[in-house]
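Peer 1: Using only what follows, build the 3D model:
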Amino acid sequence: MVHKFALLFIFTFSFGAIAQEEKTPKPNVLFIAADDLANVFGKTRPHGLKTPNFDRLMKRGVFFERAYCQIPLCNPSRASVMTGKRPDAIDVFDLERHFRESAPNAVTLPQLFQKHDYSVARVGKIYHYNVPKGIGTDGLDDAPSWQKVVNPKGRDVDDEPLIFNAEPHRAISGAMSWLASAGEDGEQTDGMIANEGVRLLEENAAAGNPFFLAVGFFRPHTPYVAPAKYFDQYLLEDIQLTKVPENDRDDIPAAAIPHNIPLKNYGLGDEILTPALRSYLATVSFLDANVGQLLDALDRLKLSENTILVFWSDHGYHLGEHFLWQKRTLFDPSARAPMFISDPRIPAHNGATCQRVVEFIDMYPTIADLAGLPVSDDLKLDGRSLKPLLENPAVEWDGIGITQVLRPMEGGARHVMGRSISTERWRYIDWNGGKAGHELYDRDNDPDEHTNLADEPEHAALIADLKKQLDEKASSEVPTAPFNTKKL
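Peer 2: Predicted coordinates:
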């Protein structure tokens, strides 16, 4: 009799567990990307920046303030995020090479979700696009990653002749260029992307399907275009330019300065830099409003409690630091970039800022882990799950951040590979394995990286250790795979 009751108990318990598992819905994923968003949150927030929706977002999860991209250039960074692999593993260092040329069988993050019966869609820029020429096309997309794609094209493209270009010799995509546009948010490409993202959220909510929805915005990439009302939020007299010591570049290697920015501040004066920075902040506020549309939809559709929310920018962005603007450097403002992750099922540390060093390649295994999707060794991911940091942002963590950049030199006659490693205190950079120079910065005492300590004898052992770790993760050699020098 006891034996029969025991069997009945086991059967009842097992059936109950199965029933409970069936009742637990798969978590959704809303994967939001920005283009060229600087480190405008946390300690490096610009004076007067208005981002009420990002402030909301930060309260929902964990802000990783020390998150490092793998390469500070759009195409290779995005390819690295989506494959979970370092640039060396996929041979992508320029703006034209597709990762499938070297890794045809790679399983991207959205492909993994497709394999587990998720509805997977993309709106806007997730993989690389030529901005603004590629807007409205598939760009350098990866077709196997998606079941559905939407490529909006707004009035910002038609309004290109109205854009002010402070450097007419450059294309507006890489120049200090801006426009306070007429019209409403929904007429702009990014406003249309937000609206399409909301529409897909509504479709998925109505169908009841678990979804992975990627929404990629084009701003604040140059040209800095947004409706005029966002410019009106910022008065020119309130804009504060970054203060940089005049001798700031005296102790850094020549390779540290991007080939496309040979002059300090592009050779432009404050009369151009001030409205340029104002325009950049205006586009960040426009981005903020569009992200807010998605957050509102999550709440309205009652999806917030079962949706993993991820926000990232493809890399950092200079706003005058070291007399530099835009990207393509291994200085901290370019190598480090905003990253937020929220899982409503891990609510204890919502609103926390994590100071541990993490990498963008960690996003893939983290999202898979949170969704309960198995990641086989065959995928050969280079990152690791950040779930322990979501559960406790202050937990012990032996993180390092590896960032690379391939630099054409001397008119393209030769090339130099730059590599950086970031720990919680130190940042070490070498060029051509050190043959073209090296840099060491003490983040505790010199967060703006104005003093290069690499040639100080007392740091020789530290540099040797950091260089050993670099060598284990990233090659100092120029890749043999074809790449376009003009697109580095």
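Peer 1: what number of residues lie near R278?
Peer 2: Here the number of neighbours of R278 (other C-beta atoms under 10 Å) works out to 20. (Each C-beta comes from the backbone N, C-alpha and C, glycine too.)
Peer 1: OK, contacts around it?
Peer 2: 231, 234, 236, 239 (C-beta atoms under 8 Å, 6 or more residues apart in numbering).
Peer 1: quick one: the third one and L273 touch, right?
Peer 2: No - no contact is recorded between L236 and L273 when judged using C-beta atoms under 8 Å, the distance being 11.2 Å.
Peer 1: if you count what's nearby, which of the two comes out ahead?
Peer 2: L273 (20 against 11).
Peer 1: Can you read off the backbone torsions of the more buried one?
Peer 2: As for L273, its main-chain torsions (degrees, to the nearest 10) stand at phi -60, psi -40.
Peer 1: Just list the residues touching the residue lying closest to A254 once chain neighbours are set aside, thanks.
Peer 2: Spatial nearest neighbour of A254, chain neighbours left out: G437 (7.2 Å); criterion: C-beta to C-beta, 6 or more residues apart in numbering. Counting by C-beta under 8 Å, 6+ apart, G437 touches 252-256, 430-431.
Peer 1: Let me know the next secondary structure element after the helix or strand containing N195.
Peer 2: N195 belongs to helix 189-207 when assigned by DSSP states H and E. Once helix 189-207 ends, the next helix or strand along the chain (criterion: DSSP H and E) is strand 211-216.
Peer 1: and that next one, which strands flank it?
Peer 2: As defined by DSSP bridges, the strand partners of strand 211-216 come to strand 28-34 (parallel), strand 119-124 (parallel).
Peer 1: so T366 makes contact with K387?
Peer 2: Yes - when contacts are counted by C-beta under 8 Å, T366 is listed as touching K387 (6.3 Å).
Peer 1: For those two, indicate the residue with more neighbours.
Peer 2: When T366 and K387 are compared for neighbours, T366 comes out ahead with 24 against 15, by other C-beta under 10 Å.
Peer 1: Quick check: closest non-adjacent residue to that one.
Peer 2: The nearest residue in space to T366 (C-beta to C-beta, 6+ apart) is L386, at 4.4 Å.
Peer 1: who's in contact with the one you found?
Peer 2: Going by C-beta under 8 Å, 6+ apart, the list of residues near L386 reads 64, 341, 358, 362, 366.
Peer 1: Quick check: the first one vs T366, distance?
Peer 2: As judged by C-beta to C-beta, to the nearest Å, F64 and T366 stand 10 Å apart.
Peer 1: Mutual contacts of the two, please.
Peer 2: In contact with both F64 and T366: 341, 386, using C-beta under 8 Å, 6+ apart.
Peer 1: Please enumerate the strands of the stretch 201-350 of the chain.
Peer 2: Counting by DSSP state E, counting those that start in this stretch, the stretch 201-350 of the chain has strands at residues 211-216, 224-227, 307-313, 318-319, 325-326, 339-342.
Peer 1: where along the stretch 201-350 of the chain do the helices fall?
Peer 2: Under the criterion DSSP state H, counting those that start in this stretch, the stretch 201-350 of the chain contains helices at 228-231, 270-300, 332-335.
Peer 1: shaky segments in the stretch 151-300 of the chain?
Peer 2: By pLDDT under 70, the stretch 151-300 of the chain contains no weakly predicted segment.
Peer 1: Make TSV out of the strands paired with strand 211-216 and add mean neighbour count and distance to Y68.
Peer 2: As requested, those are arranged in TSV below (neighbours: other C-beta atoms under 10 Å; distance: least, C-beta to C-beta, whole Å):
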stretch	mean neighbour count	distance to Y68
strand 28-34	25	16
strand 119-124	24	24
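Peer 1: Make a markdown table out of these and add distance to A335 and mean pLDDT.
Peer 2: Below are the strands paired with strand 211-216 laid out as a markdown table (distance: least, C-beta to C-beta, whole Å; pLDDT from 0 to 100):
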| stretch | distance to A335 | mean pLDDT |
| --- | --- | --- |
| strand 28-34 | 16 | 98 |
| strand 119-124 | 24 | 98 |
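Peer 1: Kindly reformat those as CSV containing distance to L298.
Peer 2: Shown next, in CSV, are those (distance: least, C-beta to C-beta, whole Å):
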stretch, distance to L298
strand 28-34, 7
strand 119-124, 15
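Peer 1: Which one, of these, ends up nearest to H450?
Peer 2: Comparing those by their distance to H450 (C-beta to C-beta), the top pick is strand 28-34, with 27.8 Å.
Peer 1: Can you check what angle separates that closest one from helix 189-207?
Peer 2: 180 degrees (axes from the mean of the first three to the mean of the last three C-alpha atoms, to 10 degrees).
Peer 1: Give me the helices and strands touching the helix holding N195, please.
Peer 2: With contacts defined as 3 or more C-beta pairs under 8 Å, 6 or more residues apart in numbering; DSSP states H and E, helix 189-207 has these neighbours: strand 119-124, strand 148-150, strand 211-216, helix 270-300.
Peer 1: can I get those in CSV with distance to H47?
Peer 2: Putting the helices and strands packed on helix 189-207 into CSV (distance: least, C-beta to C-beta, whole Å) gives the following:
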stretch, distance to H47
strand 119-124, 30
strand 148-150, 36
strand 211-216, 28
helix 270-300, 9
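Peer 1: which one of the ones you listed lies closest to G372?
Peer 2: Of all those, strand 211-216 comes closest under C-beta to C-beta, at 13.3 Å.
Peer 1: distance between the closest one and the chain's centre?
Peer 2: Strand 211-216 sits 15 Å away from the centroid of its parent chain (C-alpha atoms, centre = their mean, to the nearest Å).
Peer 1: Can I get it in CSV, CA atoms only?
Peer 2: The C-alpha trace of strand 211-216 is given here as CSV (Å, rounded to 0.1, in the frame of the first residue of the first chain):
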residue,chain,number,x,y,z
PHE,A,211,9.5,36.8,-29.9
PHE,A,212,13.0,38.2,-30.5
LEU,A,213,12.5,41.6,-31.8
ALA,A,214,15.6,43.7,-32.8
VAL,A,215,15.0,47.4,-33.3
GLY,A,216,18.0,49.4,-34.6
